[in-house]
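Undergrad: got a sequence here, can you build the structure:
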Amino acid sequence: MAEVMIRLKRLGTKKRPHNRIVVIDKRKSRDGKAIEELGYYDPSKEPPTLKLNRERAQFWISKGATPSPTLKRLLAKAAKIS
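TA: Sure thing, here's the model as predicted:
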């Protein structure tokens, strides 16, 4: 089975990025076709917006998906704030 990751997919324009949180095969490119979209992250707003379907994220983690280091950091920061 291919290794699956939960990571950010960059969208938006130059100097105004926003990201989708996706489940994707580790070998695919950053902006490749995702298996499932779990939420989004918009760093351009004040405060930055993070929306995540935690139930689906837990499902994928239980199936062996690993979150990227950046996503781990964002989730830890969001957990402290909430």
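
Undergrad: can you map out the strands along this protein?
TA: In the chain, strands defined by DSSP state E lie at 4-13, 16-25, 36-42, 49-52, 66-67, listed in chain order.

Undergrad: put together a markdown table for these, with distance to residue 74, mean neighbour count and mean pLDDT on each row.
TA: Every C-beta, even on glycine, is put in place using the N, C-alpha and C of the backbone. Output for the strands of the chain, formatted as a markdown table (distance: least, CB to CB, whole Å; neighbours: other CB atoms under 10 Å; pLDDT from 0 to 100):
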| stretch | distance to residue 74 | mean neighbour count | mean pLDDT |
| --- | --- | --- | --- |
| strand 4-13 | 8 | 16 | 93 |
| strand 16-25 | 9 | 19 | 94 |
| strand 36-42 | 6 | 17 | 95 |
| strand 49-52 | 6 | 15 | 92 |
| strand 66-67 | 9 | 16 | 93 |
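
Undergrad: a markdown table for the ones you listed, including distance to residue 76?
TA: Shown next, in a markdown table, are those (distance: least, CB to CB, whole Å):
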| stretch | distance to residue 76 |
| --- | --- |
| strand 4-13 | 14 |
| strand 16-25 | 14 |
| strand 36-42 | 13 |
| strand 49-52 | 11 |
| strand 66-67 | 10 |
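
Undergrad: closest to residue 77 out of these?
TA: strand 49-52 (8.3 Å; CB to CB).

Undergrad: show me what that closest one is packed against.
TA: strand 36-42, helix 69-81 (3 or more CB pairs under 8 Å, 6 or more residues apart in numbering; DSSP states H and E).

Undergrad: just want the angle from the shortest one to strand 16-25.
TA: Computed by axes from the mean of the first three to the mean of the last three CA atoms, to 10 degrees, the angle separating strand 36-42 from strand 16-25 equals 160 degrees.

Undergrad: one more: the longest one?
TA: Taking the same axes, to 10 degrees, one finds that helix 69-81 is oriented at 110 degrees with respect to strand 16-25.

Undergrad: so that it lines up with my notes, have the first residue be 563 from now on.
TA: From this message on, residue numbering opens at 563, which makes the last subject helix 631-643.
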